[in-house]
Each structure stands twice: as structure tokens, then as C-alpha cells.
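> sequence and computational prediction follow.
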Number of protein chains: 2
Amino acid sequence: MVASELIKAAVPEQRKPASMQSLPGFRDFLPDDCARRNYIFARWREVARRYGFVEWEGPPLEATELYKKKSGAEIVEQLFNFTDKGEREVALRPELTPTLARVVAAHEREFKKPLKWFSIGQFFRYEKQQRGRLREHFQLNCDIIGENDLAADIELVALSIDLLRAFGLTEKDFVVRISDREFWTDFFREKNVSAERWDDLLQAIDKSAREPHEKTAQRLGDLADPVFGTLKSGGKSAKLEQLVNGLRARGLADFVAVDVGIVRGLAYYTGTVFEVFDRAGKFRAIAGGGRYDNLISQLSDGAVSLPALGFAMGDVVLSELINEIPRAREGMQKAVANAGKIDIYVVIAKEERRADALAQIQQLRDRGYRVDYALTSTKVARQFQAAEDLGARVAVLYGDEWPQVKTKDMSNGEQQLISQENLTTHIESKLH
Amino acid sequence: MVASELIKAAVPEQRKPASMQSLPGFRDFLPDDCARRNYIFARWREVARRYGFVEWEGPPLEATELYKKKSGAEIVEQLFNFTDKGEREVALRPELTPTLARVVAAHEREFKKPLKWFSIGQFFRYEKQQRGRLREHFQLNCDIIGENDLAADIELVALSIDLLRAFGLTEKDFVVRISDREFWTDFFREKNVSAERWDDLLQAIDKSAREPHEKTAQRLGDLADPVFGTLKSGGKSAKLEQLVNGLRARGLADFVAVDVGIVRGLAYYTGTVFEVFDRAGKFRAIAGGGRYDNLISQLSDGAVSLPALGFAMGDVVLSELINEIPRAREGMQKAVANAGKIDIYVVIAKEERRADALAQIQQLRDRGYRVDYALTSTKVARQFQAAEDLGARVAVLYGDEWPQVKTKDMSNGEQQLISQENLTTHIESKLH
């Protein structure tokens, strides 16, 4: 390290000019971060497709109106919204469901029901900056549109479980807590609670695990005792039993627990709701979702009415959990290590051979191989070092042996002299 | 079609409630649109990796300051910018290069040079709405950081060519027009033009192919005659000749043409610049880029100085060109048709067998197969129709034959009776 580099290295991160930092709460994905992100996306895509889900995507910016009143107070407070140059009230999307309802309402007649759609994209919120709280994250959304039957709820919960299993996580690592808003609306009806209070009561139940007992008691008022009693005893629900049995038929019963304390914050849920947590209880919810049978009708002013359900799984909490569980962490590290690897490194030992080497590099790349080389004249030892650093499986040396070239198997050091015209065939047999 | 559907079908798109539309200039990607987009992304990723490029990504929102003055007047006028709730001036990114320069300036010491980085993301602009002009698009960005040698310029242009060849496009379909800003700065120096005028003159030359001759002449002033003369005769440049020769060594010379009329609109370019056009001249540029050797230094207040070059390729013009060329269009259509296909459809002919079928479905999905089935009791003929619609290669029927199941090869209709316990093995041999 030369002196100037030492001085630079001593400048702490915070003292870098503001122009060198991203906005607060926004991440830069350097190659390893991006490989970790891509590993998660690839697993998500693969498992969603195993379930016959097809991918779609909405825009990152929507009319603010789309979220107002439909999603509940909390999400609107945290909207990353602004007025655009055309005086439109717009928002960086906080969630996908309203967009899905909008798109399905506009296009549903083009598709057979039920739709099984998934989407991977970035979502935003604007809240007070706290340590480690981001303003953006990526989410997988999976939704089933046009099916009333509980079989769809079971299919969706099974998918949420298999998505996590694909990362090497087991029933020892996470649990899906399943509940049903109708359990509570039936409960309210039975207790003659007027319908206007239901939303507030559901919010209070939703927050009961996170807020002080007294605060929840106050919000529940006269219903505090029966609600707390029910939360404690667990509550009985034929529908939830059936749901668990459906998962048992697939061998997934150990991944779920009925928990009527789960209500979900978003206002639009109508039936089954569920949240996925790490067993150790260290993190926020890994995923959450439920039925929103009225949202499409509401958004289309009654033009289209379709039952629907879905869930979202974020990249941030999932990454934290993967890092926590050695089996899962190793799987991700392996994928990240492989992401940047190349197949072949071409060592140019004699500059006179550079044009020949480049012609060969072009041929190999045309066949789909990942090939790298030194752009300028470089010591041979350094080129071999680069071959190793980049994880090349074969190095090909262009030098004095011309019109033969030397190949080196990077795994065992074995070298071979090959005539230039046979090189491609030789490499194909080696790398397949 | 029933009467109510006919009435709905007669409602033109524009009369749908505003809540059912995306914002002007923003696209919804229905499953087929998304499959086309994913096809483009997959080709981009694959070819960039063949060249040893690694993926990274920046945030979609940046401080407006990052773009001001660095990128030139046009891009700043079209910025999709606003003031956030924390009184920050922010912008939805119009391009990636300033983010790259920011990230590299902050992290360059963590990486060996040259960096070869690519990124795929969405970009935004706010301009007067015109027919077919979008406010968002996706771009592939490929950059090489830390290499002065022309070999890097050649590598980058070769990559831009191979990216398009991967879509089935040939030298008959597109051409890379290569130029060099230094050709013009040398020209100005030779004519004793003061350096303050250079930017304006470069802008005038950049626009000369699109603007009326008189307007360009006026902007060029006393230099109109020599500049027009040079544009007409083509200009001689040893560097550009060397660049073309480097591509010739790879067999790519037919894809390029020297054209000193190419200057690029962005202010930060310093050397080689190039743009890719369809040969028929029907579309805007498919891709464009060049050297920006001073940008990283500018953005880091001189803390980090690294030569750099890169280009961006957008999804919109590329899609138009692919649609125009039958060979390329067919390749895309095939990929789109395959994207939604499943491997196995499980037909449940007897509801008593549903639990058995679900256990089997879970097993097959665990092995990575794409498996679908009817969520609720459905006529057998309709289930087989669904198997066909979804492109299943095998259907498995659960019915009276239990504990045997019937498999049907969907390609030739061949049926077989298999005992349930041998099914997975049987399917693995069939589908591999």
C-alpha cells in the first residue's frame, strides 16, 4: 500500500462527501450483495413456478388515491408520496396488492380463472429514520384470483412454506401463524358489537402482541375480557382446522400453528390471514397475507368482483433469517461464490498472439462460455492468478507453442498441448 | 359470451375508471409482457456474464444534485424530480452512470481493476406526454472501470454487438456507429477554438442529423463549413481505425461503422462514443455509450480518479426491433410460450383421491417439477383441457384405478397404468 492509499483508507465512511452516499434508507447492491439478492429472487421464481404461478409486474409509481382508505392508516402515513410536475398526487408503491387489484379489474376477462400470479419488485415507505430501518425493500408477491374455495388458501400457505424450505429452512426455523378475520367478525356479531367498531377492534387485536396490555385493554373497552380470554385459550375455528388438515395432507402440518391473534394491519383483508415468523422470535414477520375478497370490486367501482388472496415476502427479514441459520447461510454463500465465476481464462503470454487469442475468445463466448482475459500486456503469473481468482475451470495459454496452445485444468493443474483448431472441441469435452 | 359480458366488452378502454389505469407513461406487465421482458433480461445477463461482467444495482431514487451539471441540460430538464418529506431534493434516476461513479468512488479500493460491472434496472424521465413516449423503461448498463487502454473500448463495443446477436439479430439488422470526442476536441484545438465553446459545438454536432441544416449552421457559426465538410467526408482518426481493427480480429467488423457525427448528448463523455441503430433507420438508438474518464473524479471531489467507459441498452427500442425482424421475433415468442408451461398436470377424477393426489403433488414439486391441478372438483375433460392449455408434458390421473394411477404423455396421448409408489421414478425417467 503506498502512502496516498493509506491516507485514503484512514478517512472514515461518514466523512466521505455526501455526493458519494445513497439517500438515507436506500441500498447500493455491490456485486456480492447483488448475487445474494439474485439468489433469493431465483429461489422465489423457481418455487412459485413449481406451483404453476406466472410472473407479472406493475409500475413502481401509482396514483396516491390507489392506496388511500384501501390499505389502512399505517401504510398511508408511511407513504413515499409527492406531487409530480403534472400536479398529480403520486406515490412510490408501498405494496403490490392495490396494483394487482387494479390490473386484474382492467384485464380479468383475458384470463381463465383462477389466476395464479407472482411478482418480484421493489417497494417503498417514508418513515422516521431509525437505525437499520430501510425505506425500500424487495418483495415477492403471490396471489390467487377468482377462487372462493379454501383449497386456494391451503395452496397459498403451502407455497409460502415451500418458498422458505427452498432456502434450506425447516419447521425448526420458522412457523406460519394462521388466523381468520371471520373468526373475529363472527365473535363480534355474537356479542352484538356494532359493525362500525370492528375495524378498530381488529387493529387493537393486531397490535395486542406488540403493545402494552393496558393500551390494548383500553382500545378493546367492554370487549377486553372476552377478547383476552379468547386470545389466551386459542379460539376454535372449523375453517382453520380444515386449513391445517389440508396442509397435513401435504406433510406440512409441522410448519403451521393456529393463532387467532394474527389479524394483519391492512384494512382490506376479509378472511384467512397469516404471518410467517422465525421460531426464535428474533425478527419481524418474514411474510404475511390473506384473503381480500372485496378489494377488486371496491377499486373497480363494482365493475369486477372476484375473490382473491395473496401474500408478500420481503428480502430484508428473509436475508437476516438465512444468515442466522448455518445450513441456509452456507447455501447462499455457495451461490454467491459461484455467481461471479468464469469458465475459461485466456492467458496471453506473447503479445503477437493477442489477435489469435481474441478470435478464439470470441468463438468460445459465442458458444456460451464465460471467458475472461487481461485487456493489456500483463505478466503471465499475474494472469494465472486472475484465472484462479475468477474461479476459471480451464486456463488456455497463447505463447511460444503456437500454433499449439497449452490448456491447464485449474482444479488439478494438469496441462495439455492442443492444436488451436481442436481447442474448442477439447474445451467442450472438458467443461461438459 | 353472455349479455353482461358483451356490454362490458363494448366499454372502450378510455372509459374505464381512472382507478383502473396506471399513471401516464407507466407500463403494467401482464404475464406475456413480463415473459418478454424476462426473456430480454435473461439474454442480457447471459451475454454480459460471458464477457466476465458481474452484476450490481443502485437505488431507483438519488439526490437530484447527482445529475445536475454532470449529465447535460437535456437530462436535467427531463428529470422526474421532487422534494421528499424530509425536504430533500430527490429524483427518480434517469440513468445509471452517475450512481455507478458514486458507488465506485466510495468502494473502489475493495475491488481489483479493471471492474467489469453490469446492471439491469428501471429508469425514469418526466417529459411532455407524447404518443408512445414512456416515462419509464428498463436498461442494461455495462461499464469497465479502471482501464485506459483502447482494448477496453473494443471489449465494450464487442459486448454491445454480442448482446444483440444473442437475440438473433445480425449485421443486416443493426450497426454500431463509432466516434470519438477527442477527434473533435483535436479539431477545435487545431482551429484555435476557445475551450468554452467546445460543449456548445459538440451539442450542435450531436443534433446535426436530427435538426434542420440551417439551425446547426447557426449554432456552429464560423465553424459551420469545416464541420459540415468533415461530417461529409467522414473524418480520419487513427484511434477509430484501431478500434475497428480490434473488432475485425473478433470477426465483428461488419457490425460497425465510423461516424464522427455521433457525439452523444450527455456532457460527461471524454473519448470514444458510440450508438447502435437499426440498419433500416426506423427507430431511435438501441444503445449508446462511451468513455467518461473524468466523472468519477468530479463526483468524488478528486478523491478517486479512474478512467471509465460504459453503455446503456433500453428494453423499449430493442423490443421494437425484435418485433420487426422475423428470426428475432420467433425466438422471443418461443421463449414467451415456454415461460408459463408446466411439467405435470394432476387430474383428480375422484374426490376421494384428492388427499392422495395432493401428497403426490407435494412430492413432485419438492423434486422441482412444475405441477398444477384443479383446486376444486372439476369435470375430467376440463382438467385434461387445462393440462393441454398449460403445456403440461405429462398428465397423471387419480381415479378408479387406485392404488394405481394413469399417466398420459401429452405429446402423443400414450397412456400407462403405474402403481402410485413407482410414479415419481416413472415421471423422472419420462421428463429427463
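Arrived safely, thanks for sending. These numbers were taken from a predicted model, which means no experiment stands behind them.
> when you work out contacts or count neighbours from here on, use the C-alpha atoms and nothing else.
Noted.
> tell me which residues of the helix ranked longest in chain A are tucked away?
Secondary structure of chain A per DSSP state H: the longest helix is helix A:31-50. For helix A:31-50, burial by neighbour count (16 or more other CA atoms under 10 Å in any protein chain shown) applies to A:31-41, A:43-50.
> other SSEs contacting the helix or strand just after that helix?
Following helix A:31-50 in sequence order, the next helix or strand is strand A:54-55 (DSSP states H and E). Judged by 3 or more CA pairs under 8 Å, 6 or more residues apart in numbering or on different chains; DSSP states H and E, strand A:54-55 is in contact with strand A:115-124, helix B:31-50.
> same for the longest one, what does it pack against?
By that I understand helix B:31-50. strand A:54-55, helix B:150-165, helix B:326-339.
> most tightly surrounded among these?
Across these, averaging neighbours per residue (mean count of other CA atoms under 10 Å in any protein chain shown) puts strand A:54-55 on top, at a mean of 24.
> looking at that one now, give me its mean pLDDT.
Averaging pLDDT along strand A:54-55 gives 98.
> from the chain's centroid, how far away is it?
Strand A:54-55 has its C-alpha centroid displaced from the chain centroid by 15 Å (CA atoms, centre = their mean, to the nearest Å).
> identify the residues contacting that strand?
A:48, A:116-119, B:31, B:34-35, B:339-340 (CA atoms under 8 Å, 6 or more residues apart in numbering or on different chains).
> which one of those residues is nearest residue A:250?
residue A:48 (16.6 Å; CA to CA).
> so where's the stretch 101-250 of chain A uncertain?
Applying pLDDT under 70 to the stretch 101-250 of chain A picks out residues A:129-132.
> who in it is up against chain B?
A:102-103, A:105-106, A:126, A:149, A:151-152, A:246, A:249-250 (CA under 8 Å from any CA of the partner chain).
> if we can go back for a sec, need the helices and strands packed on helix B:31-50 in a markdown table with distance to residue A:94, can you?
Output for these, formatted as a markdown table (distance: least, CA to CA, whole Å):
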| stretch | distance to residue A:94 |
| --- | --- |
| strand A:54-55 | 19 |
| helix B:150-165 | 34 |
| helix B:326-339 | 28 |
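> between these, which gets nearest to residue B:288?
Of those, nearest to residue B:288 by CA to CA is helix B:150-165, at 9.0 Å.
> show me what secondary structure element comes after that closest one.
That would be, after helix B:150-165 and using DSSP H and E, strand B:174-180.
> just the CA trace of that next one, in PDB.
The C-alpha coordinates for strand B:174-180 follow below in PDB (Å, rounded to 0.1, in the frame of the first residue of the first chain):
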ATOM      1  CA  PHE B 174     -28.100  -3.200 -36.800                       C
ATOM      2  CA  VAL B 175     -25.000  -1.200 -36.900                       C
ATOM      3  CA  VAL B 176     -22.800   0.300 -34.200                       C
ATOM      4  CA  ARG B 177     -21.800   3.900 -35.200                       C
ATOM      5  CA  ILE B 178     -18.400   4.700 -33.500                       C
ATOM      6  CA  SER B 179     -17.000   8.100 -33.000                       C
ATOM      7  CA  ASP B 180     -14.500   9.900 -30.700                       C
END
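> residue A:116 contacts residue A:50, doesn't it?
No - Residue A:116 lies out of contact with residue A:50 (CA atoms under 8 Å); the separation is 11.5 Å.
> and the end-to-end length of stretch A:414-432?
17 Å (CA to CA, to the nearest Å).
> in that stretch, what counts as buried?
A:418, A:420, A:423-424, A:427.
> buried set for the helix or strand where residue A:240 lies?
Secondary structure assignment for residue A:240, by DSSP H and E: helix A:238-249. Neighbour-count burial for helix A:238-249 flags A:240, A:243-249 (criterion: 16+ other CA under 10 Å).
> and which of the residues you listed is nearest chain B?
residue A:249 (5.7 Å; CA to the nearest CA).
> just the strands in the stretch 251-400 of chain A please.
All strands of the stretch 251-400 of chain A, identified by DSSP state E, counting those that start in this stretch, fall at A:256-258, A:272-278, A:287-291, A:308-314, A:344-348, A:371-373, A:394-398.
> would you list those strands in JSON lines and tack on mean pLDDT and distance to chain B?
As requested, the strands of the stretch 251-400 of chain A are arranged in JSON lines below (pLDDT from 0 to 100; distance: least, CA to the nearest CA, whole Å):
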{"stretch": "strand A:256-258", "mean pLDDT": "96", "distance to chain B": "16"}
{"stretch": "strand A:272-278", "mean pLDDT": "97", "distance to chain B": "17"}
{"stretch": "strand A:287-291", "mean pLDDT": "97", "distance to chain B": "16"}
{"stretch": "strand A:308-314", "mean pLDDT": "98", "distance to chain B": "14"}
{"stretch": "strand A:344-348", "mean pLDDT": "98", "distance to chain B": "10"}
{"stretch": "strand A:371-373", "mean pLDDT": "98", "distance to chain B": "6"}
{"stretch": "strand A:394-398", "mean pLDDT": "98", "distance to chain B": "14"}
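> and the residue of the stretch 301-432 of chain A nearest chain B?
residue A:370 (3.7 Å).
> gap between that residue and residue A:391?
From residue A:370 over to residue A:391 (counting by CA to CA), the distance is 11 Å.
> and what of residue A:33?
18 Å.
> and for residue A:54?
34 Å.
> ok, now residue A:304?
For residue A:304 relative to residue A:391 (CA to CA), the value is 54 Å.
> repeat for residue A:201
Counting by CA to CA, the gap from residue A:201 to residue A:391 is 58 Å.
> between those two, tell me which one has more neighbours.
residue A:201 (22 against 19; other CA atoms under 10 Å in any protein chain shown).
> can you classify that one by secondary structure?
Under the three-state scheme (DSSP: H, G, I helix; E, B strand; the rest coil), residue A:201 adopts helix.
> which residues does residue A:336 contact?
So residue A:336 contacts A:32, A:35-36, A:39 (CA under 8 Å, 6+ apart).
> picking that back up, compare the strands of the stretch 251-400 of chain A and give me the one nearest residue B:171.
Going by CA to CA, the one of the strands of the stretch 251-400 of chain A nearest residue B:171 is strand A:371-373, 23.1 Å.
> mind listing what that closest one pairs with, with the direction of each?
Sheet pairing here is set by DSSP bridges, and for strand A:371-373 it gives strand A:344-348 (parallel).
> okay, angle between the partner strand and strand A:394-398 too, please.
20 degrees (axes from the mean of the first three to the mean of the last three CA atoms, to 10 degrees).
> closest to residue B:378 out of the helices and strands packed on helix B:31-50?
strand A:54-55 (21.7 Å).
> what's the helix or strand following the closest one in contact with?
Using DSSP H and E, the next helix or strand after strand A:54-55 towards the C-terminus is strand A:61-63. With CA under 8 Å, 6+ apart as the test, strand A:61-63 has contacts from A:88-93, A:99, B:22-23, B:26.
> drop anything exposed from those.
A:90-93, A:99, B:22-23, B:26.
> redo the residues you listed as a markdown table? Include secondary structure.
As requested, the buried ones among the contacts of strand A:61-63 are exported to a markdown table (three-state DSSP):
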| residue | secondary structure |
| --- | --- |
| A:90 | strand |
| A:91 | strand |
| A:92 | strand |
| A:93 | coil |
| A:99 | helix |
| B:22 | coil |
| B:23 | coil |
| B:26 | coil |
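> just curious, which of the contacts of strand A:54-55 is nearest to residue A:254?
residue A:48 (21.0 Å).
> does that closest one really touch residue A:118, like I thought?
Yes - using CA under 8 Å, residue A:48 is in contact with residue A:118, at 7.0 Å.
> common neighbours of those two, please.
Joint contacts of residue A:48 and residue A:118 (CA under 8 Å, 6+ apart) are A:54, A:142.
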